[in-house]
Structure formats: structure tokens, C-alpha cells
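Peer 1: need a structure here:
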Amino acid sequence: MRFIKNHVGSLIAWILIVVISIFMLPNVNQLTREHSTISLPANVQSEVASTIGNHWGHHQNNTYQVVAVFNNQDGAMSKSDQKSVNQTIRYLKRHKSELGIKSMLTPYENSATKKNLISKDKTTELVQLNVSKKKSVSNINKQLTKAVKTDGIRTYITGADILQDDFSGAIQEGIKKTEVISVIFIFIVLILVFRSPIVPLISLLTVGVSFITAFSIVTNLVKNFNFPFSNFTQVFMVIVLFGIGTDYNILLYDRFKANLGNGMDKFEAAKNAQWNAGKTILMSGSSILIGFSALGLARFSVYKSAAGVAVGVAVLLIVLLTLNMFFMTTMGKTMFWPVKTFNGESESPFWRFLSKHSLAHPIIALVLVLAALSPFYFTYQNKLNYDDTAEIADSTPSKQGFLIVQKHFSKGTAEPATLYIKSNHTLDNEKDLKLIDQLTEQIKHTKGVKTVASVTQPSGSKIKKLYVNSQMKTVNNGVSTARNGLGKLSAGSQQMTNGLNSAATGTNQLNSGINSAATGANQLTSGLAQLSSGGNQMTNGLNQLSAGSQQLVNGMNQMSQQLSSQLTGANASQLQQLESGLPQINNGIQQLNSALQSAGTSIDTTGIQSNLQNVASQAQIIGSQLEQAGNTLKSIQGSAGSSSSASLDSVMTQFKAAESQANLNDQQKAVMEGAMQQILSGIQSQIASQTNSQTSELASQLQSVAQNLQTAGNADKSLAGSLQNVAGSASSLQNLNTQVATLKAQVAQLAQASNVALPGAVSALQQLTSGLNQIQSALGQGTNALGQLNTGINKLAAASPQLSNGINSAYSGSQQLSAGMGQLSAGSLQLNTGINKLAQSSPQITNGLNQLNSGLGEGQSYLTGLQKSAAAETFYIPKSVLHSNTFKPAIDNYMSSNRKITKITIVFDTNPSDEKATKDAENISNMARKSLKGTALSNATVAMGGQSSRINDIKNTASGDFVRTAAIMLIGIGIALMLITHSLLQPVYILGSLLLAYISSLSINHWLVGIFMHRSMLAWNTPFFSFIMLIALGVDYSIFLMTRYREIDENKYLPGERIYYACAIIGTVVISAAIILSGTFAALIPSGIPTLIEVAMTVIVGLIILVIILPIVMTSTIYLSYPIRNHVKDNQNKRKD
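Peer 2: Numbers count the residues shown, from 1 in each chain. Here you go, the predicted model:
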């Protein structure tokens, strides 16, 4: 029975629960770090961006983004410093697997990284790392911090995840300080209140049991069921449980002590205290429980995480009303040792004073309260700081690295914004890249943006070669080159026209010379015919003599060779030999005649043989040269076409080279090549039609003449042979006088004929030479004008074979020579006609070239205008560049592995956490969506990630959820107050007082933070946490007061009197509880966490305000709420007086 009466079972149960709780408690540090990241609703754009980024690929999935900072505080890095940094980077690359590094970006990989990862003052370099999430952030931080240490260089590891982990660590350290300070403070205050060391120990023990149990429950719920949890959950559980737990214990112990003083034994006193004070504790605790439970309905993770306090409050209520019963029933009065006297409840002079004057002047009291607090309400500015890095001490290494990056780079470099564009098709094509580049340019021209980098501008600036204006410049240069070439062709065509006109004049002179040569050839044939009639033996000699006529043919052939522009001096020399050879032949014949007449019967054939052999040689050379002239004219026919074709092919080649440099697309190339080919084909056909027909006929005639001359040469050689035979048989002729006489007569006739024929041949050769010289000049001009036809008629004469046949063969050859001269004359006429036609057609070629040049000039003018226009500021990437190794790094860095996602990196010129940057991030995101509407990317998902976007989403989510959660909390507490007070008006008065205290405390705290913490804005979560603490905890004191108000007999006392007595009695408890709760929150100040410090200061100021205004407002409003009853009682008192 005693076991039950002393509640020993409660003690044993709670000991077991505490032991189990401690045993089941998970790793709190790890749990806190794992759940320290603020989670937002999945539909906000920063979360959408984060989800897209998690599917990026390239070994970047499930990674932490970390930055290694290398800084030389003494100035720009020296070569030695750079060498040390490079050694560290190589170490990181060698140990990537050990350190969990999936990918890294170093400063010297390319021009873009060099620009973005090296500060302008050369003092700082960055290395970006993507580290696997297999290890905890704290372990990664420790390993990388050790790995990047470099001699002579300051090194830091920083990044959003590193900073968040350090923030969690700082909070954990702050909690340890808070717990120790809270316990010491509560112990001291309770000693002062109860003047006993035992009561504080019992109070701390019961609250400690409730905290350990509740915290174990919450952390296990977090571990196993993903219960809401954050950095602030543990610290607020400590503050709230120790604060209100101590308050409730004071209320309970104070009633137990009063009961003992009233003569009750310890069992009765404990039971009475449990019933009366416990009722107040349950009602008060239920309102707090409702308030914190309402936070579970919040959408924002940070707000929801405070729901863990509700679990703590529930456990606290159970512990206080069960475990305390063991100590009270077991120890009794010993609990308050060394106190001997147990007086009743003490009154608070301060609250009694406030309540008394409020009863006397209720309206004035309310006006004074409003007048005192209204300025704080109207001066409050709801400007909050969303920069979480401000929560971390500047002495933290990760914060130091972060500040160095902000100092030496743009403020936004450390935390750039990332605009993701996710499409349902691949984006590595010219059309989509053009849209991405247009969007990049729009963002670059947005106010507040420092730099923008994308797949089309990986280094933050345009790649000039990928824009139409630069490409059009290349095209224009190519067109200019083509026009210059066409200009040269046009000038050459004009020169060709002039040269052909001169050539026509020269061919007329050539025709006249050929006619004279034909006359001479006929005379030579006549003379040889006379020589052939001299006898069989003399026939060979006479044929050898006709070799002299072949020298005339030689000269004529040399004239034909002058049709080429490159007639050699050797041919001219041969013509001179032919001219001199004919007189020698004549002289030889005269000498033969003289020798025969004077020598009697002896005949010397040696001289005749020699002369005839010379004549034969010259004739054969001339024949060969005419044959070569024919071949040359035939080659003219081919070379004219091939030369013009080669020239035009050269123009086409130059055009295609310019077209290739311009990076035109296939359709543009096809159109321009077709037009150019059509024009050049017309030019080529005109040239070919004017040259082919003329050169073929002339070549045929020259070949015929050449064959005749070669035949004559062979005849002269035969004549020489015959004379040699004649010489061999001279001895037999000496005995034949009759034959000698006949020979003399024939020789005499030959001499006479030679004097007639050979001089005429010399004159003909001279005319032929003159004509050929003239045609040489004319055709030289024509050949130079034709350009590519300069390989034309180079040599019109060739060496003639020696005459080896006899005089008969010479006679036959002379006849062929005459016929050939006729054909040559006809061919010369045809050549003249062809050159005239070609000269007439040449201006058409020149006009065609000029028209082509003019057309290209008009096109070039258009292209030049297009190049300088705004339309040319357009991105265009050829397929060859798109799929090249040069462009591949940009694709890999700014597109996902499946090429369906791209990102645009944006660096703001202000701190990414500033309000301006957050607004800029939102505006850019909206602008991007509007810009892509109506395009191929109109259905793409656009989401802005990064610190600025995340802060903007936190701001919008927190603000909206604050209002929603506060409304739920106030409604819940209001309903609870209605049930407790049995009134509709009193909850309104209570909540009004709490809200007034809250707004005023925030405004005052803003002023205090500026003075003592040198911060212009409160932390973004200070208003919310201050609200739930002041409302949830402040309502406690209202419930204490109103519960005591209801305990006073309403039949004996009027409402005004009842509230007056309630304020006087409960004031001590409330003030003591407020002091303890304020002290507990004050324990947060040494934590060094700005948010906790600001919340503590706001709650402390709010409690002070609440302690002052609560008796005033409640006394005045209750008195004014029941004016009739109070007025009747006042009149009765006056009558009694």
C-alpha cells in the first residue's frame, strides 16, 4: 500500500523509460547534419531546378559541390606559389577515388576556366569539385581540408553544403552551452524562489527526464519515419521544456507548499496540488500543445520541425504530474529543506499596483498601453536577412574561404544562379542553340547581372566565328577575291580582243607571203625540171641541185613557225641560211658549168654533191618545222579550251574556298554554286566555239605542206647519192667524149635556168620572211591576250631532214612543194577568217565577265549591309563545328549527358542573398519563360536554381506559411482559451495582448540588434520562432491568471474584484516564471548563432512587455466587459459608506 501511495511505480517506470530512451538514442550530430538542409515544396522552382540537376549525368549525380580556395594574402601568386598549387591539384587528381571526387574543374584546363577560376589580381585560384555523397559532409570537409594544404598558400574548403554543415556544427556547440547555462541559471533562480537546494534538483531532474525521453522519441521518429527535423528542433526543445517545465514545477511546488502550510499532510497536500495546480498545468500545457502541434500542418520544413516541441510538451506534462508525485509524497516538507515555515501564497505588489490602478481608470490604462506600444508597431520594418552564411562566425574556415571568394571575385561568384532548361528532345542542334544564345544575350543585358555563361558562350562572351556578321565578313572577303579575279579575266579578255585584231592583220600579210613563196616554188620546180632533163647521170646531180630550192621552202616554213609568240632565234637563223643557200646553189651550178667547159672531159662532182646535201638538210628541217607548226595549232585547239577551263575552274575554286570559310549552310551553298557555275559555263562555251573551228583547219594545211617539203628533202638526198655514184664512175666518162659534150650542153642549160629560177626564189623567201615577222608580232599580241592560250603557236618551223635522194626525187618534191604552198595559202585564209570571228566574239566574253562581276558586286553590297545590320548579330553554328572536338567541351559542361537539359550560369553583381539578387533571379526566370513561348522550346521546363532563387522561394514559402500557420495556431489556442475561460471575449483580450507584445518586441529587438550586433536586419526566421515562443509560452501566464480568476468565488466577488485578487496572487508565480523563461532564453546568447540570439532577445523583451501589460489589459477589459455588475457594487459600497 505504501508502495502505491508513494508512487514508487512511477519512479521505476520512468527510470526504465529513461534507460531505454538513452539506449535507443541515435547519433544526434549525424542526424542533425543529415536533416539540416531546408526542404521546400517540390513545385517551387529552386526544387524543380535541383531535381533537374540531379539528373544531369556526367558523374555529377548525387554529389556535393565543393570549392577549394587557394589564396596568397601577400599579393599575386609567384611562379613558386603556382608550382605548389599545381602540385596540390595533381595530388587531388591522383587520389580522386580516395577522396570521393567524381569530377573536378581546374583553372588551366581552357581559356574559359582560366578566366572564371583565377581572380583578376592573380592572388586567388579556385578548383571546383563534385564529391560523392557516400561520405558525410563533415568527413569530406576534413579530408579535403587536409588534402589541399599547400606550403605558403592559404587554403580553404567551402561551398553551400560545407557552410550548412558548419552551421549545424555551430548550433550543436551552441546547444551544449545553452544546456549548461540553462541548468545553472534555473538552479540559482529556484534556490532564490524556494530557498532550498533540494527543490531545484528535483525540478531539473523531472524536466531532464522529460527532455531525454521526448528527444529520444523525436529522433527515432526522424530516423525511422522522416519526422520533421531541423537544426533548431533540439535547441527549442531544450529551451521550451526547461522553461515551461520549471514554470509548471514552480506552480505545482508552490501549491504543494501552501497546502503543507495549511496543515495538510504530505499525501493530501500532494493530491490537492496535483488536482488544482495540475488542472492549471494541463490547461496551460494543452494550449502550448495545440500551438506547437499546429506547426505540423505547415508546409515549410523549418516550421514543421518545431512540431517536435509538441511531443516534448506532451511527455513533460505526463512526467510532471506523475514523477513529481513520488518526490512530494516521499519527501514531504523535507523537499523544501532548510525552510521551516510554510506560509500561504504570497502576493505580488507590482501586479497588485497595476491591477488596482487599472480598475480605477480602465480606459486611461488601456490608452497608456496603446500609446506606449503603438510607436513600435508603426516603426517596425519587416526587412529580413535571408543570408544563411551570416549565421556562421567569420572565424570558421569555410566562411573565411567564402569571404575570400567574394572579395577577389564578383560577390555572386561563390554562389552563382543556374537557369535550367529541360526539353523533351535533344538540344545539340543549330535551331535550339540559336534560341539558347538569344536568351543568353537577353540575360546579359539584364540589370544586376555580372556575367552569363552558356553552351554558346562558355567563357561568358561571344565566340565571334559563330555569328552571322563574322561569317558574312568571310563571305564578303571571298566575293572580293572572286571579283578581283573576274576583273583580271575581263582585262585579259580585252587584251585578247586587241591581240586578235592585230593577229588578223598579220595573217593577211602571211597570206601574201605564202603566195609569193608558192610562185618561187613553181619557178624552182621549173628549174629542177630543166635540170632533170640533162641525162640519167646528171639527173641525180640536178636533183641534188634542187636542194637549193628546198632552202627556199625552208624559209617559207620558218615564216609559218612565226605564227607562235615564242619563235626561237634558231628558226630565224635557218631562214637566213636558206636565203644564202640558194645563191650558193646557183654559184655551184655556174661553177660546174665553167668547170665542164674548161676541163674537157673531166667532171668534179664533189662540190655538187656537197651543195645538194646542204640543200637537202635545210629542206628537211623546214618540213619538220611546218609539221610541228601543224601540231602546235592542233594543241592550240585543246589548250585554248583547257586554259580557259583551267582559269574558270580556278575562279570556281576560289569561290568555293570563300564559301567554305563563310560557314554557309547546304542550301545557301547550293544556290550560290549553281549561279556561279551557270555563268562560268557560258564563258567557257563562248571561248571554245571561237577557237576550235579555226585552229583545226590551219593545222591540217600546215601538216600537208610539211609532208611535201620532207618528200622534197628526201629527193635532194637521193640526188646527192646519185652524184656520188656519178663521181665514182668519172673515169669511164672521160673516154666518152660524146657523152661529155652532151653533159656540157646540159650543164650550160642548167646554169641558164638557175640564173632565172633561183633569184626569184630568193625574192620569194624574203617576202615570206617579212610576212612571218609581221605575223609574229601580231600573233604574239593575240597569244598574250588569250592568257591561258599562251602555249599556242610557239614555233612554226622545225629542222628539215637532209635531202638524200637524187635529182628526180627533188623534182617530185618540188611539185609537192608547189601543191603544199597552195594548201598553205588556203589554210592561211581560213586562219585569217577564224581569227576575225574570234575577235568578233571576244567582246561578248568580256561583257559576260563584266556582268558577272557586276552581279557579284550587287550581292556583295547586300551582304555588306546585312553584315552591319542587327539581323547579323545572330548565332549560327555549322554542323562541322557543332560536332567538332573544339565545341565538345562546351556541350559536355553545359548540357546533360542525354543532351535534353542545358543550363545557363548567371553571376550577379551583388550578394546572391540580397533582396535585389533574389528579385533579379525571379525576373530572369519569368523573362526566360516568356522568351521561349512560341518557339521550339515553348514546352520546355524552365527553372532557376542557386542561392538567389532558393532564398526567393524560401521567402515566398516562409511568408505564406507563416501567415497560414500563425492563423491555425491562433485559432487552436483561441478555442482552447474559450474552453478554459468559458468566455468569448477573454480569449480575444489575451490574444490581443500577446500580439501587441509580439509586434512591439520585434520592433524593439530590431533596434537592439542594430546597436549591439551591428546588423541592419533581423534573420529571416526570427519573426516566426519569436511568434510561436511568445504566443505559445505567453499564453501560459494568461491561463495561470484566468484559472486563478475562475477559482475565486464569483458569488462573493465581482469580476473586477476577482481579477484584482487573481493578479495579486498569481503575479509572483508569473513574474518568477517569466524570469526563469527569460533566463533560459538568455542562455542562447552565448551560442553565437544570430538567429538564436535574436529569438532570445525578442522573447525576453516580449515577456517583459507581457508581464507589464497583462495585468493592465486583463483588469481593464474585464472591468469594462461587466460594467453593470461593477457599477451596482460600487453604488452599494457608497451607500454603506
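Peer 1: Low-confidence stretches in the stretch 301-450 of the chain?
Peer 2: Along the stretch 301-450 of the chain, the model assigns pLDDT under 70 to residues 342-345.
Peer 1: Can you say which helix or strand has the closest residue to residue 923 other than its chain neighbours in it?
Peer 2: Leaving aside its chain neighbours, residue 923 sits nearest to residue 446 (7.3 Å; criterion: C-beta to C-beta, 6 or more residues apart in numbering). Glycine gets a C-beta too; all of them are placed from N, C-alpha and C. Take DSSP states H and E as the rule and residue 446 turns out to sit in neither a helix nor a strand.
Peer 1: mind checking how far residue 446 is from residue 375?
Peer 2: Taking C-beta to C-beta, to the nearest Å as the measure, residue 446 falls 40 Å from residue 375.
Peer 1: Next: residue 355.
Peer 2: Going from residue 355 to residue 375 by C-beta to C-beta gives 25 Å.
Peer 1: how is the chain carved up into domains?
Peer 2: 2-19+189-343, 45-158, 351-390+961-1136, 416-467+874-945, 501-649+690-854 (automatic domain parsing).
Peer 1: Compare the ones you listed and say which comes out lowest on pLDDT.
Peer 2: Sorting the domains of the chain by mean pLDDT places domain 501-649+690-854 lowest, at a mean of 51.
Peer 1: Can you point out the buried residues in the helix or strand encompassing residue 113?
Peer 2: Element membership of residue 113, judged by DSSP H and E, is helix 111-117. Across helix 111-117, burial judged by 16 or more other C-beta atoms under 10 Å covers 112-113, 115-117.
Peer 1: for stretch 984-1002, same thing?
Peer 2: Applying 16+ other C-beta under 10 Å to stretch 984-1002 flags 986-987, 989-991, 993-1002 as buried.
Peer 1: mind saving the C-alpha coords of it as PDB?
Peer 2: Taking Å, rounded to 0.1, in the frame of the first residue of the first chain, the C-alpha atoms of stretch 984-1002 are listed here in PDB:
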ATOM      1  CA  LEU A 984     -15.700  34.600 -25.900                       C
ATOM      2  CA  LEU A 985     -14.200  38.000 -25.100                       C
ATOM      3  CA  GLN A 986     -11.400  36.900 -22.700                       C
ATOM      4  CA  PRO A 987      -9.500  34.900 -25.400                       C
ATOM      5  CA  VAL A 988      -9.700  37.900 -27.600                       C
ATOM      6  CA  TYR A 989      -8.200  40.100 -24.900                       C
ATOM      7  CA  ILE A 990      -5.500  37.500 -24.200                       C
ATOM      8  CA  LEU A 991      -4.500  37.000 -27.800                       C
ATOM      9  CA  GLY A 992      -4.600  40.800 -28.400                       C
ATOM     10  CA  SER A 993      -2.200  41.300 -25.500                       C
ATOM     11  CA  LEU A 994       0.100  38.600 -26.900                       C
ATOM     12  CA  LEU A 995       0.100  40.000 -30.400                       C
ATOM     13  CA  LEU A 996       0.700  43.500 -29.100                       C
ATOM     14  CA  ALA A 997       3.700  42.300 -27.100                       C
ATOM     15  CA  TYR A 998       5.000  40.300 -30.100                       C
ATOM     16  CA  ILE A 999       4.900  43.200 -32.500                       C
ATOM     17  CA  SER A1000       6.500  45.600 -30.000                       C
ATOM     18  CA  SER A1001       9.200  43.200 -29.100                       C
ATOM     19  CA  LEU A1002      10.200  42.600 -32.700                       C
END
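Peer 1: what about the nearest residue to residue 1010 once chain neighbours are set aside, neighbour count?
Peer 2: Excluding its sequence neighbours, the residue lying closest to residue 1010 (C-beta to C-beta, 6+ apart) is residue 1016, at 6.3 Å. For residue 1016, the count of nearby residues is 11 (other C-beta atoms under 10 Å).
Peer 1: Likewise for residue 421?
Peer 2: Look at residue 421: counted by other C-beta under 10 Å, it has 25 neighbours.
Peer 1: Against residue 84, how distant is residue 120?
Peer 2: Per C-beta to C-beta, residue 120 is found 21 Å from residue 84.
Peer 1: oh, I was asking about residue 444
Peer 2: Residue 444 is 36 Å from residue 84, by C-beta to C-beta.
Peer 1: didn't residue 903 look like it was pressed against residue 421?
Peer 2: Yes. With contacts defined as C-beta atoms under 8 Å, residue 903 counts as touching residue 421 at a distance of 7.4 Å.
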